[in-house]
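Next one to model:
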Amino acid sequence: MPDVNFKHNLHLHLIVFIWGFTAVLGKLISLDALPLVWWRMSLAVLLIFGYILYKKTSFKLTKKDISLLLISGLIIALHWITFFKAIKVSNISITLACLSTGAFFTSILEPIFYKRKMVWYEILFGLIVLIGLYFVIESSEPNFIQTSLNSNMSGTMQGVLLALTSAFLSASFSIINGKFAQRIDATIVSFYELFGGVLFLSVFLLFSGQFTTEFFMITASDLMWLFVLASVCTAYAFIASVSVMKFISPYTVMLTINLEPVYGIALAVLIFEKKEQMGFSFYIGAAIILITVILNGLIRNKKKNN
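The predicted model follows:
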């Protein structure tokens, strides 16, 4: 049994490592955030559709569930657009550090969705995360408070705001998705949500006149990385994560997922070297955010078990 658990834990770390690599792919792909997400979701929908046919899973759901899943797909599409746009205007390290705040947005949103009181330590941890964010931004944007008051916002500040928006959307999506996952097959949920994202983005692109010949003319390099992003980092990672959750507790999964920024930043520094190397205060801030998120998880799990 310990060997089996070790195998599944190792598999989970591989999945989280793959998710960390998503940010690197966002940097490697030359497309802007919107077309990048459209291609990612479109390819992933086709791959998951093929997987569902192979597994002979039923697509049948109520009209209400399908409508809600399609709308939630718009939320994840906006989450990915703001995520990749943050990488484009700033860098991977800043984006992933700010994305770590998603757990605290969840702490704020959960009481609203589930109608429970907000606990004091979550508010305290939220304030500590803000201190961590200060160090992250200050490392590459000295006097950022004064700079942000100017009309011309720097790339760093744009990246921070986009990444925080992405974290908020991610938290919203995870809470909404949690309710669906309790009663609908996870692969079917993923299919309809990704299809919904493609549908909404396609309508926007069509009416904004962005569906041009140039839109579909992408380089061989971009196409290769897009396929890796859609297949390995989206379709495979999602299906594999669902499989692993059958053997590992949600608490262990949650703690392991918090390592995504660590893996992503380490990969970014390794691949892009000087472009992603940050000042000492950045790593202090990132560590404050990560440790606080893990402590929040530890306390919540302890109180849940009491």
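
Low-confidence ranges, the stretch 51-200 of the chain, go.
118, 137-154, 178, 181-182 (pLDDT under 70).

Let's see that with 90 instead.
Within the stretch 51-200 of the chain, the segments meeting pLDDT under 90 span 55, 57-58, 60, 62, 89-161, 167-168, 170-190.

where do the helices sit along it?
63-89, 92-99, 102-114, 120-140, 144-148, 155-181, 186-207 (DSSP state H, counting those that start in this stretch).

tell me which strands and helices the first one is in contact with?
When contacts are defined as 3 or more C-beta pairs under 8 Å, 6 or more residues apart in numbering; DSSP states H and E, helix 63-89 sits against helix 2-28, helix 33-55, helix 92-99, helix 155-181, helix 186-207. (Each C-beta comes from the backbone N, C-alpha and C, glycine too.)

So which of those is nearest residue 288?
The closest of these to residue 288 is helix 92-99. By C-beta to C-beta, the value is 9.8 Å.

so what's the residue nearest the centre of the chain up against?
With distances taken as C-alpha atoms, centre = their mean, the residue of the chain nearest its centroid is residue 170 (6.0 Å). Residues in contact with residue 170 (C-beta atoms under 8 Å, 6 or more residues apart in numbering) are 79, 99, 102, 105.

returning to that earlier point: Throw the helices and strands packed on helix 63-89 into a markdown table and include distance to residue 214, thanks.
Shown next, in a markdown table, are the helices and strands packed on helix 63-89 (distance: least, C-beta to C-beta, whole Å):
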| stretch | distance to residue 214 |
| --- | --- |
| helix 2-28 | 20 |
| helix 33-55 | 10 |
| helix 92-99 | 27 |
| helix 155-181 | 24 |
| helix 186-207 | 12 |
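
Buried deepest among these, which one?
Comparing those by mean neighbour count (mean count of other C-beta atoms under 10 Å), helix 92-99 ranks first with a mean of 28.

now that one and helix 120-140, what's the angle there?
Relative orientation of helix 92-99 versus helix 120-140 (axes from the mean of the first three to the mean of the last three C-alpha atoms, to 10 degrees): 160 degrees.

Going by contacts, tell me the helices and strands next to helix 92-99.
Helix 92-99 packs on helix 2-28, helix 63-89, helix 120-140, helix 155-181, helix 260-272, helix 280-305, going by 3+ C-beta pairs under 8 Å, 6+ apart.

Out of the ones you listed, the one nearest residue 221 is which?
Nearest of the helices and strands packed on helix 92-99 (C-beta to C-beta): helix 2-28, 8.0 Å.
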